[in-house]
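**Q** mind folding the following:
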Amino acid sequence: MGQDRTTTKRHPIGVFDSGVGGLTVVRALRAALPGEDIIYLGDTARVPYGSKSPRTVERYSLTCQQFLLDRGVKLVLIACNTASANALPALTASSPVPVIGAVEPGAMSALAATRNGHLGVIGTLGTIRSNAYATAIAARDPAVKLTALACPLLVPLAEEGWTDDEIARLVAKRYLAQLFAGDKQIDTLVLGCTHYPLLKNVLADVATELAGQPVAVVDSASAMAEAAKEALGSGANRRTGAGRLDCFATDTSRLDELAPRFLGEALTGFELVDL
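**A** Okay, the predicted model is just below:
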């Protein structure tokens, strides 16, 4: 039994996303669990998931997960808020290993961070329409208020690398002014999209300016990495050397340019796969 446990420790963690944004989750994973091997799959040929029907998102997600399971992963992370919102039950039911979505860790971190019980959530249109964060938060604390807003222009800003300039600040202010309008006393902002951590500094500054008080910013990528660390427990690979990262994608257009922005380091390249 001990030998099996040791062998399992050496198995990789699997991460998938509809595009390259999930590399922010990989980045957080490599900081929290540096000894782990990671297999990443970006379904870039079918991005974005946010504009697809829930049934289609579920079908795509199951295919992505199976790709990772076929490679012997010990844990699956759904680094896509839309997939987490629409496909988590199906993914969990069809996986022999634990599955962690993007919504639950972010919701729990937000509840731990809030001081006055009023949260703000920003994400893609698909994620906000799903009400996944509202459902997850209400299930844990029905008294907490939540205000949600879709901020679709933040995704192309992140992909263009316009993350810390006047354009990013103006777009952030235009969106967040709606979120903080009126007498809302939001004290915690959840970044409900894996692209948004690239804009975290700008979003935090603008949110604090609009609120007139410090606003905690919860990064779902970091929250997922911590959830993975907790889920693995003694099953984590604690070797001293850095783990291996293997990246796959269903379309490799622009990946050499985009991927390093999200991962925060150079990449040797993506292997093209057909799902």
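**Q** just the buried positions in the longest helix seen in the chain, please.
**A** Determined from DSSP state H, the single longest helix within the chain is helix 54-69. Within helix 54-69, the residues scored as buried using 16 or more other Cβ atoms under 10 Å are 57-58, 60-62, 64-65, 67-68. (Glycine included, C-beta is placed from N, CA and C.)
**Q** repeat that for stretch 44-52.
**A** Judged by neighbour count (16+ other Cβ under 10 Å), stretch 44-52 contains these buried residues: 44-50, 52.
**Q** export the buried residues of helix 54-69 to a markdown table and tack on distance to Val217?
**A** A markdown table is the format used below for those (distance: Cβ to Cβ, whole Å):
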| residue | distance to Val217 |
| --- | --- |
| Val57 | 27 |
| Glu58 | 30 |
| Tyr60 | 29 |
| Ser61 | 27 |
| Leu62 | 32 |
| Cys64 | 28 |
| Gln65 | 29 |
| Phe67 | 32 |
| Leu68 | 29 |
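**Q** nearest to Gly101, of the residues you listed?
**A** Proximity of the buried residues of helix 54-69 to Gly101 (Cβ to Cβ) peaks at Ser61, which lies at 10.1 Å.
**Q** coming back round to it: so which of the buried residues of helix 54-69 comes closest to Arg261?
**A** Using Cβ to Cβ, Cys64 is the member of the buried residues of helix 54-69 that lies nearest Arg261, at 21.8 Å.
**Q** what sits closest to the closest one if chain neighbours are left out?
**A** Phe16 (4.1 Å; Cβ to Cβ, 6 or more residues apart in numbering).
**Q** cool, Leu153 as well?
**A** Take Leu153 and drop its neighbours on the chain: the residue closest to it by Cβ to Cβ, 6+ apart is Val171, 5.4 Å away.
**Q** can you pull the pLDDT of that neighbour?
**A** Val171 carries a pLDDT value of 98.
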